[in-house]
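Task: produce atomic coordinates for the following.
(2 chains)
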Amino acid sequence: MTSSPNRPIAQSPKYVPQDFEAGWMQKWEADELYKTAPADERPKAYILDFFPYPSGDGLSVGHCRNYVPTDVMARYFRMKGYNVLHPMGWDAFGLPAENAAIKMKTNPAKLIAQFSANYKRQFRLIGISFDWSREINSSTPEYYRWTQWIFLKLYYAWYDPREHRARPIAELEKELSVTGTREIPNARAEITADEWNAFNKKQRSEFLSNYRLAYRKPSVVNWDPVDKTVLANEEVIDGRGWRSGALVEKKVLQQWFFRITEYSERLIADLDTIDWTEHIKLMQRNWIGKSVGAEVDFQTDAGALRIFTTRPDTLWGATFMVLAPEHPYVEKLVTPEHKARVNQYVKEAKAKTEVERAEEDKDKTGVFIGAYATNPVNGEPIPIWVADYVMLSYGTGAIMAVPAHDQRDFEFARKFHLPIRVVIQPDGEILDAEKMERAYPHDGAMANSGIFDGTPADVAVEKVTRWLEEKGFGAKRINYKLRDWGISRQRYWGTPIPIIHTAEGEITIDEQALPIELPNVDSYEPTATGESPLANISEWVSVTLPDGTQGRRETDTMGTFACSSWYYMRFTDPRNDAQPFDVKEVNYWCPVDTYVGGAEHAVMHLLYARFWTKVLYDLDIVSFIEPFQRLRNQGMIMAPQMKDGKYEKMSKSKGNVITPDEMVAQFGADALRAYEMFISDFSMATPWQTDGLAGTHRWLTRVWNLFLEPARENLPQANDEQIKLLRRALHQTLKKVEDDINAFAFNTVISSLMTLTNVMVKAKDSARYPEAVWAEALNTLLLMLAPIAPFMAEEIWARLQRTYSIHQQKWPPYDADAAKEELFTLIVQVNGKVRGKIELPVGVSEDEAKQKAFDDVNVKKWVEGKNIERVLYVPERLLNVVVK
RNA sequence: GCCGGGGUGGCGAAAUUGGCAGACGCCCAGGACUUAGAAUCCUGUGCCCGUCAAGGGCGUAGGGGUUCAAAUCCCCUCUCCGGCACCA
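Residues are numbered from 1 along each chain as shown, chains lettered A, B, ... in the order given. The predicted structure follows:
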């Protein structure tokens, strides 16, 4: 590169960032300064922001909170000699774009192009060093072709519980033809080899749906009557659609699912291998919701009724059973005289929306069905009820009710005057069923439980479970709250599902024939029937296969979490048109080293991406098991504080959004970047203060003047002590800046650089330093500023006639010796109160330190005439004298 | 209701994880420069007593405890934010 930039340098002596910022960005891009090289010998750093949907509103200063720090890291690692991947792309499919397009009567692709161009402009404005040659857009056929490709991988895979991994479905078919499902533990649907071999094509296809990782099933779904689409469980908040806010209704449709539940255990276990915010890990654990217990069979007239419990030690306290309204045994067991009431109850329960069930909250409802079950542990007949506080989708959809030790059962029993029997007695207290005001769900010794009486809490569950297994009453069982991931959307703007339905069953599209492209349409308003608008385009829907059979394309599209479950892999080789990515590239770059975004994706995107990664790993497509090694979440930036001291979120509707555009116009991009870092701890929510931004602008002006204003004349030569102190401050700062960048402590990166600036300004004004010393100081400071204030650093670099570009320089070397302190301040306390501060040389002996401490006049004053009981010495820190 | 994270000057916040509370910045006040203002620079800035000194008292939501020593650890209470919400 040339030593002088081929653009006019603004020669204003003053710091006027607007004069040069835009010009540098243009030059950097023209010179491809931030272009990432393919896999090579260097260590790599993959630093990634969450995949954004480019909203029409553009970026606010709140959004910049994560883009600036990740950019600082990317720039820092480049200077440290890493091969850095820092890309950006668009999560372009999905409802927001589609709804905006419908509203504005335009095409969502056009809108995305427009919105993303604006985002890109803003990213450039604030100096983010993305490699735009790797830009991706999940709504383009070049991208979603491979989303479809991965869908097919899931479709052609099943999870083998014996090997704890996904395997090709062909291997299952082979096994079925030889041994049926005999060897498969907990088979989802059982079959013999003979039966399998007698199946026709369609029967086989349908049977395999029980095993495929991508499968279709009729399912009660959340129907959003406003957005006219099905919502995932995660998209329903308090019974309302997360976007429309409409009350969610129930509807039964054929839905596509990914069998994420097979990975529950691994998704929990592998959390221990990754460096994520603890609170996100916890949310994932809770979401997956593992509970260990036992399944137990209770005999009824309709056969064994299986229940799940985490407290098999309370079996002797079961006084009734409860079935979910949808449980098949309700119909089988209900006696004629109860039938009318039960049917009525079930009908009402099924009609209730989630919100209505939640609203009724505490008040339990239910009906006795007239039948009894036999408790296997004591042969007691207990009544069977149906109640909507038991859900079909968890466990077996049936419970044994132990009112003495479960609050929900307790409330139910009290309301319907069912017996309560205490079978767990806590320490030092005797529970009396008559007088209890609430259930006792805690630990204690077993009671009223036959041979188990007196068994202590810590071994009770295990002992009883083993006994149940021996007796054949039940078995240990682990349940998870996690449900399979529903991906069907009855919408136009999503990845088409590469499936054709025929009379013979489902047919997949050949990999080579992908992508199945979205047809161009005039109207993509959703249909009120629940079908996708694609269903109305008969020339697209109807297909004639090569052998002449007629088929109908799947008209559901995939939810956008499919797109964002693998985009970080695509970035490693984004223009590959033969494969989703080159194996070498994906395995070199992944996993992502540092992944940054908001905490709102804790259980959706972050769980699904982990799941897809594990499937692709199992199928030998990638060699890593977790997608994101380190995850950090930024705190939200709130609107400026209001008069009453409260804050609110920035939102367009409240008219309190502050944009980077206006801040850059006023203060320049570098000051904005510095303030984004400085505002508070990265993870903490905090209000915006434009006055604070004026502060970082002022700081950068001081830096500018430090470099570009002439020094005072007739200054004395700096003495050795001054030189030492300057170098010490310099290298201590260098160490701190590096440590803090790595630790995500960006706010203290700025404050320590401010401190160093103050030291250097004072130094410059008070003495003339030897050329080499001063040059080292200036150089080091400017190089440290390069990742943070890239425009100003480059401009000063150019004005100092250095070789373009500062962003291709090495990070400055750290001199640990120079950073060493020679003195420290010993804090002298008497009875824990500070009474003196003494400067002492590092490495001073304890005796000498004590001597000096007791010589201190003020310390003497507090110690004199008192009895010295203890003296505590913490080397290099503090001395505490305890007197009486 | 359950789980998690917070609460530190007038404001945003630091504090090497048990060792000087308030770094750094904002605001504010006084001063310098200026015809004047803006900008910039210097000084001060937790509260209280003391003289604007020396020195001292109090102080990290509130109360209690452990410790030579607590913003930091433990218990209780208040409060704000996020998640889950009949998961047997």
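
who's in contact with A:Ala447?
A:422-425, A:453-454 (CB atoms under 8 Å, 6 or more residues apart in numbering). (Glycine included, C-beta is placed from N, CA and C.)

do the same with A:Met104
Contacts for A:Met104 (CB under 8 Å, 6+ apart) come out as A:Leu111.

What average pLDDT does the lengthiest helix in chain A get?
Criterion DSSP state H: the longest helix present in chain A is helix A:720-742. Throughout helix A:720-742, pLDDT has a mean value of 95.

Which residues does it contact?
Contact partners of helix A:720-742, identified using CB under 8 Å, 6+ apart, comprise A:72-73, A:76, A:718, A:745-746, A:748-749, A:752-753, A:755-756, A:759-760, A:763, A:766-767, A:769-770, A:773, A:776-777, A:780-781, A:784, A:787, A:811-812, A:814-816, A:818-821.

pLDDT score assigned to A:Ala387?
Confidence score, pLDDT, at A:Ala387: 94.

need the contact list for it.
A:322-323, A:325, A:364-367, A:412.

how close does it get to A:Gln407?
Per CB to CB, to the nearest Å, A:Ala387 is found 14 Å from A:Gln407.

Same check on A:Asn831?
For A:Asn831, the distance to A:Gln407 - CB to CB - is 51 Å.

same deal with A:Gly317?
A:Gly317 is 14 Å from A:Gln407, by CB to CB.

Is there a neighbour count for A:Cys64? I'd like the number.
Per other CB atoms under 10 Å, the neighbour tally for A:Cys64 reads 25.

Isn't it up against A:Thr659?
No - A:Cys64 is beyond contact range of A:Thr659, at 9.6 Å (criterion: CB atoms under 8 Å).

Which pLDDT value belongs to the residue nearest the centre of chain A?
A centroid search over chain A (CA atoms, centre = their mean) returns A:Ala602, at 3.4 Å, as the residue closest to the centre. If you check A:Ala602, the pLDDT there is 86.

Hmm, A:Gln284 and it touching each other?
Yes - with contacts counted by CB under 8 Å, A:Ala602 reaches A:Gln284, the gap being 6.8 Å.

Close to RNA strand B: what parts of the stretch 601-750 of chain A are there?
Residues of the stretch 601-750 of chain A lying close to RNA strand B by CB under 7 Å from any atom of the strand are A:602-603, A:641, A:645, A:678-681, A:684-687, A:689, A:691-692, A:694-696, A:698-699, A:701-702, A:745, A:747-748, A:750.

Compare A:Gly317 and A:Gln407 and say which is more crowded by neighbours.
Neighbour count, other CB under 10 Å: between A:Gly317 and A:Gln407, A:Gly317 has more, with 27 against 13.

Any of the contacts of helix A:720-742 buried? List them.
A:72-73, A:76, A:718, A:745-746, A:748-749, A:752-753, A:756, A:759-760, A:763, A:767, A:769, A:773, A:776-777, A:780-781, A:784, A:787, A:811-812, A:815, A:818-819 (16 or more other CB atoms under 10 Å).

Looking at those, which are in helices?
A:72-73, A:76, A:746, A:748-749, A:752-753, A:756, A:759-760, A:763, A:773, A:776-777, A:780-781, A:784, A:818-819.

Tell me where the stretch 101-250 of chain A has strands.
A:136-137, A:157-160, A:165-168, A:214-224, A:229-231, A:236-237, A:240-241, A:249-258 (DSSP state E, counting those that start in this stretch).

ok, now the stretch 251-400 of chain A?
Using DSSP E, counting those that start in this stretch, the strands of the stretch 251-400 of chain A run over A:275-276, A:290-300, A:303-309, A:320-323, A:367-374, A:381-386, A:398-401.

Which one, of the ones you listed, ends up nearest to A:Tyr480?
Checking the strands of the stretch 251-400 of chain A against A:Tyr480 by CB to CB gives strand A:290-300 as the closest, at 5.5 Å.

Write the PyMOL selection for whichever of the contacts of A:Ala447 are buried.
Under the burial definition 16+ other CB under 10 Å, those of those that qualify are selected in PyMOL by:
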select buried, chain A and resi 422+423+424+425
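
And the pLDDT at the residue nearest to A:Ala460 when sequence neighbours are not counted?
Nearest-residue entry for A:Ala460: A:Asp313, 3.8 Å, with adjacent residues in sequence omitted and distances by CB to CB, 6 or more residues apart in numbering. Looking at A:Asp313, its pLDDT stands at 94.

burial count for A:Asp313?
A:Asp313 sits with 28 neighbouring residues when counted by other CB under 10 Å.

list the contacts for it?
Neighbour list for A:Asp313: A:423-424, A:446, A:449, A:452, A:455, A:457, A:460-461, A:463-464 [criterion: CB under 8 Å, 6+ apart].

again with A:Arg145
A:514-515.

Show me what the helix or strand A:Ile827 falls within pairs with in its sheet, parallel or antiparallel.
Assigned by DSSP states H and E, A:Ile827 belongs to strand A:823-830. In the sheet, strand A:823-830 lines up against strand A:833-841 (antiparallel), strand A:878-883 (parallel) (DSSP bridges).

Pick the most buried one from those.
Ranked by mean neighbour count, the strands paired with strand A:823-830 are led by strand A:878-883 with a mean of 18 (mean count of other CB atoms under 10 Å).

Could you pull up the mean pLDDT of that one?
Strand A:878-883 carries an average pLDDT of 91.

ok, now stretch A:457-474?
On average, the pLDDT along stretch A:457-474 is 93.

For chain A, give me the ranges with low pLDDT.
Along chain A, the model assigns pLDDT under 70 to residues A:1-12, A:232-239, A:242-243, A:353-362, A:526, A:528, A:641-645.

Break it down into its domains, please.
For chain A, automatic domain parsing gives the domain ranges A:28-136+A:561-638, A:150-263+A:485-558, A:290-480, A:663-819, A:823-883.

circling back to that earlier point, type out the PyMOL command that picks the buried ones from the contacts of A:Asp313.
Of the contacts of A:Asp313, the buried ones go into a single PyMOL selection, burial set by 16+ other CB under 10 Å:
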select buried, chain A and resi 423+424+446+449+452+455+460+461+464
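
near RNA strand B, which of the contacts of A:Asp313 show up?
Near RNA strand B, judged by CB under 7 Å from any atom of the strand, there are no entries from the contacts of A:Asp313.

Give me the distance between A:Ala100 and A:Asn107.
Applying CB to CB, the value for A:Ala100 to A:Asn107 is 11 Å.

A:Arg575 now?
In terms of CB to CB, A:Arg575 sits 24 Å off from A:Asn107.

These two - which one has more neighbours?
Using other CB under 10 Å as the criterion, A:Arg575 and A:Asn107 rank with A:Asn107 on top: 16 against 9.

give the contact list for the nearest residue to that one once chain neighbours are set aside.
Take A:Asn107 and drop its neighbours on the chain: the residue closest to it by CB to CB, 6+ apart is A:Ala101, 6.0 Å away. For A:Ala101, the contacting residues are A:107-108, A:110-111, A:493, A:524, by CB under 8 Å, 6+ apart.

same question, A:Glu539
A:Pro519.

Which one of the residues in the stretch 401-550 of chain A is closest to RNA strand B?
A:Lys481 (3.6 Å; CB to the nearest atom of the strand).
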